[in-house]
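>>> take a look and give me a structure for this.
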Amino acid sequence: MKPVRYAILAAAALAATPSLAQGRLGLLPQGEYVCALPGVADGAAWNEVEGHGFSITGASSYTTDKGSGTYLLEGRRVTFTRGPLKGHKMMRVSSGLLQELDRDGKLGRLRCHRAGPVRD
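I've put the predicted structure just below:
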C-alpha cells in the first residue's frame with residue numbers, strides 16, 4: 001500500500017474515534033441549577049434532590065455547598081473535572097437543562113435545570 005493510503009486510513013480511524021470527536025468546547029449559562037428526579041402520577045411532578053444542586057459562576061467554574069471546582073463542556077457532554085462533583089457527567093439537553101449520564105454513557109433519571117441567577 002502506498003503511504004498516502006495509510007495516511008487516509010489513519011485519518012479516517014481518528015475521525016471515527018468517539019473520544020476524539022466530542023465537539024466544540026463551550027460554557028454553560030451562569031446561574032443556580034436545581035436537581036430533581038421525576039415524580040409519580042399521583043404526586044409531585046418533580047422531587048428535588050437536596051445536596052445535588054450547584055451554581056455555574058464563571059468560565060468553566062461551579063460551586064456547591066461543599067466547595068468549588070471546574071467543568072468541561074465538550075459538545076453536549078459536561079464533565080466535572082475538579083472539586084466536589086469531580087467525575088460526574090451530564091448531557092446538555094437544552095440551554096438550561098442537564099441530564100445525568102451513567103458509567104455506560106446512558107441518560108439517567110436525575111435532571112438539573114437552571115432556576116435563576118447566582119445568589120450572593
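>>> looking at this, Gly43 is in a helix?
No. Secondary structure of Gly43 (DSSP: H, G, I helix; E, B strand; the rest coil): coil, not part of a helix.
>>> for it, what are phi and psi?
phi -140, psi -150 (degrees, to the nearest 10).
>>> what score does it have for pLDDT?
We note a pLDDT of 83 for Gly43 in this prediction.
>>> give the contact list for Arg77.
For Arg77, the contacting residues are 22-23, 89-92, 101, by Cβ atoms under 8 Å, 6 or more residues apart in numbering. In this view, the C-beta of every residue, glycine as well, is placed from N, C-alpha and C.
>>> who wins for neighbours among those?
Counting neighbours by other Cβ atoms under 10 Å, Met90 leads those with 26 neighbours.
>>> look up which residues are beta-bridged to that residue.
Val78, Glu100 (DSSP bridges).
>>> residues contacting it?
Applying Cβ under 8 Å, 6+ apart, the residues near Met90 are 77-78, 98-101, 112.
>>> any idea how far Ala41 is from it?
Distance from Met90 to Ala41, counting by Cβ to Cβ, to the nearest Å: 26 Å.
>>> got it, and Thr79?
Remark: distance between Thr79 and Ala41 (Cβ to Cβ) = 34 Å.
>>> between the two, tell me which one has more neighbours.
Thr79 (17 against 5).
>>> I figured the more buried one hits Tyr62, correct?
No. Counting by Cβ atoms under 8 Å, Thr79 stays clear of Tyr62, with 11.8 Å between them.
>>> please enumerate the helices of this protein.
Ranges of helices in the chain, per DSSP state H, are 3-16.
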